[in-house]
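Chemist: need coordinates for the following:
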Amino acid sequence: MTRNPVQRNLIVLLVLLAGPAFGDSWEKRSEALFLDTQFRRGFLLSYPDSSRGRAVEAVLDFDDPNNVPVWRLCQWGTKRTLAGTRCFHGRTGDVWYDNHAKKVVVGGPDSEQRDLVLNVRGKSEYGDRTRKAGEAWPHLLVEQDAVQLHRLDELDEVPLQISLRLTYSSSRMSWEDYDPGLHAAQFQMFFIVKNVQPGSDDYGDFFWFGVPFYDTRHDIPPAYMAKDAGKDDATGKFIYTIDGRTINRTPLKKGQWVTIQRDFLPHIRTGLREAVARGYLTDPDPHNYAIANMNLGWEVPGTFDVAMQVRDFAVSAVFGTEGHDEAP
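Modeler: Residues are numbered from 1 along each chain as shown. Alright, predicted model coming up:
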């Protein structure tokens, strides 16, 4: 059907007026901040000594030389490195590395163990001696730099999707030796939120944004805000960990799956304001900060044997939606 100029102009006007109602679905886009979220490409294994930074002790490539890992597997503080251990293969596509102190399983697509299981055996790490104040503790976590740096004020959401199942958690220490201020097992996620603006007084500086999933001392892990300390090579940067009830009001119990879907951008912005208010940073402008890195896994400063399974993990940068809600 041929339309005259008046009809065409009227249609254009109606589309423009309708724009706000339909614009979100047309303009909204999402980008993954981290790659290989089923962990099938293997790991670059850290040294146990965290002062060696990103130096690689071994490549855990699942016996596939074509694998190019994007994840680092950090085993800081362990007494038993995974370097040199053999890779085991299961009938359902599972692959794993195992020693007396830890086990890392990447489950096949149809396996009950998909996608990732991280197991720390604290009894093997500590023996009969409990950890003392100031001493290092074993970590077992995966770490990756963000695919791209997105300024916080350019984002509308930072949604997290993750399913977790606590497969094992047992204290291996006596109540006489146990000090809740020193001894725990924690499964958590941290973002490095970094100043990426050249010329800013805080350029290159950062704070830790934490998401707590499990803590042996609490049904639901509480909020935590403090300086990163407790061991010789601690960063000294501000840790801003949200209250676990913000993301999950169901305690992680053995064998039960918990799925979390949450936008963290409002809480990251609140963490930045808190870091500035407490004097850890001086630049309050969200435009100058971006999520630069994340890690996910165990820190075990007490004698605990623990294991956690992770499925359907994803963190995205979302653009194009309206408004920026502040955290409650």
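Chemist: hey, what's the residue nearest the centre of the chain bridged with?
Modeler: Among the residues of the chain, the one closest to the centroid is residue 189, at 3.2 Å (Cα atoms, centre = their mean). Note on residue 189: beta-bridge partners by DSSP bridges are residue 211, residue 296.
Chemist: next, the contact list for it, please.
Modeler: Counting by Cβ atoms under 8 Å, 6 or more residues apart in numbering, residue 189 makes contact with 160, 162, 210, 211, 213, 294, 295, 296. Placement of C-beta: from N, CA and C, glycine included.
Chemist: who's in contact with the residue nearest to the fifth one when sequence neighbours are not counted?
Modeler: The spatial neighbour of residue 213 that comes closest, neighbours along the chain excluded (Cβ to Cβ, 6 or more residues apart in numbering), is residue 187 at 4.9 Å. Applying Cβ under 8 Å, 6+ apart, we find residue 187 in contact with 118, 164, 166, 213, 214, 215, 297, 298, 306, 308.
Chemist: which among those gets closest to residue 285?
Modeler: Nearest to residue 285 among the contacts of residue 187: residue 213, at 30.6 Å, using Cβ to Cβ.
Chemist: could you say which helix or strand holds that closest one?
Modeler: According to DSSP states H and E, residue 213 maps onto strand 206-215.
Chemist: quickly list what residue 74 is bridged to.
Modeler: Beta-bridge partners recorded for residue 74 (DSSP bridges): residue 141.
Chemist: what's the local residue count around it?
Modeler: 22 (other Cβ atoms under 10 Å).
Chemist: measure it to residue 221 for me?
Modeler: 20 Å (Cβ to Cβ, to the nearest Å).
Chemist: packing partners of the one helix or strand residue 58 maps to?
Modeler: Element membership of residue 58 [criterion: DSSP H and E] is strand 56-60. With contacts defined as 3 or more Cβ pairs under 8 Å, 6 or more residues apart in numbering; DSSP states H and E, strand 56-60 has these neighbours: strand 43-46.
Chemist: each with direction, which strands does the strand it packs on pair with?
Modeler: By DSSP bridges, strand 43-46 pairs with strand 56-60 (antiparallel), strand 71-74 (parallel).
Chemist: hmm, back to that, list the contacts of the helix or strand that comes right after the strand holding residue 213.
Modeler: Of the helices and strands lying after strand 206-215 in sequence (DSSP H and E), the nearest is strand 224-227. Strand 224-227 is contacted by residues 210, 212, 236, 237, 238, 239, 240, 241, 274, 278, 280 when judged by Cβ under 8 Å, 6+ apart.
Chemist: how about 10 Å then?
Modeler: Residues outside strand 224-227 that contact it (Cβ atoms under 10 Å, 6 or more residues apart in numbering): 186, 188, 210, 212, 215, 234-244, 271, 274-275, 278, 280.
Chemist: next one: it to chain centre, how far?
Modeler: Mean C-alpha position of strand 224-227 versus that of the full chain (Cα atoms, centre = their mean, to the nearest Å) differs by 17 Å.
Chemist: send me the following helix or strand past that strand as PDB with only the CA atoms.
Modeler: Toward the C-terminal end, the helix or strand that comes next after strand 224-227 (DSSP H and E) is strand 238-241. Coordinates of each C-alpha in strand 238-241 appear next as PDB, following Å, rounded to 0.1, in the frame of the first residue of the first chain:
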ATOM      1  CA  PHE A 238      39.600  -2.500  51.500                       C
ATOM      2  CA  ILE A 239      37.300  -5.500  51.500                       C
ATOM      3  CA  TYR A 240      33.600  -4.800  51.100                       C
ATOM      4  CA  THR A 241      31.600  -8.100  51.500                       C
END
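Chemist: helices and strands around strand 238-241, which ones?
Modeler: Contacting strand 238-241 under the criterion 3 or more Cβ pairs under 10 Å, 6 or more residues apart in numbering; DSSP states H and E are the following elements: strand 186-195, strand 206-215, strand 224-227, helix 265-277.
Chemist: pLDDT (mean, whole number) over the helix or strand just after it?
Modeler: As assigned by DSSP H and E, the chain's next helix or strand after strand 238-241 is strand 257-263. Regarding strand 257-263, the rounded mean pLDDT is 97.
Chemist: in its sheet, what does strand 257-263 sit against?
Modeler: Sheet pairing of strand 257-263 (DSSP bridges) gives strand 159-171 (antiparallel).
Chemist: how about the partner strand: buried residues?
Modeler: 160, 162, 164, 165, 166, 168, 169, 171 (16 or more other Cβ atoms under 10 Å).
Chemist: that one versus strand 186-195: what angle between them?
Modeler: Per axes from the mean of the first three to the mean of the last three Cα atoms, to 10 degrees, the angle that strand 159-171 makes with strand 186-195 is 140 degrees.
Chemist: got the CA coordinates for strand 159-171 in CSV?
Modeler: Once non-C-alpha atoms are left out, strand 159-171 reads as follows in CSV (Å, rounded to 0.1, in the frame of the first residue of the first chain):
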residue,chain,number,x,y,z
PRO,A,159,24.0,-10.0,36.9
LEU,A,160,25.4,-13.1,38.5
GLN,A,161,24.0,-16.6,37.8
ILE,A,162,25.3,-19.5,39.8
SER,A,163,24.1,-22.8,41.3
LEU,A,164,26.0,-24.3,44.3
ARG,A,165,25.8,-27.6,46.2
LEU,A,166,27.8,-28.2,49.3
THR,A,167,28.9,-31.8,48.9
TYR,A,168,31.0,-32.0,52.1
SER,A,169,31.9,-30.0,55.2
SER,A,170,33.5,-31.5,58.3
SER,A,171,35.5,-30.0,61.2
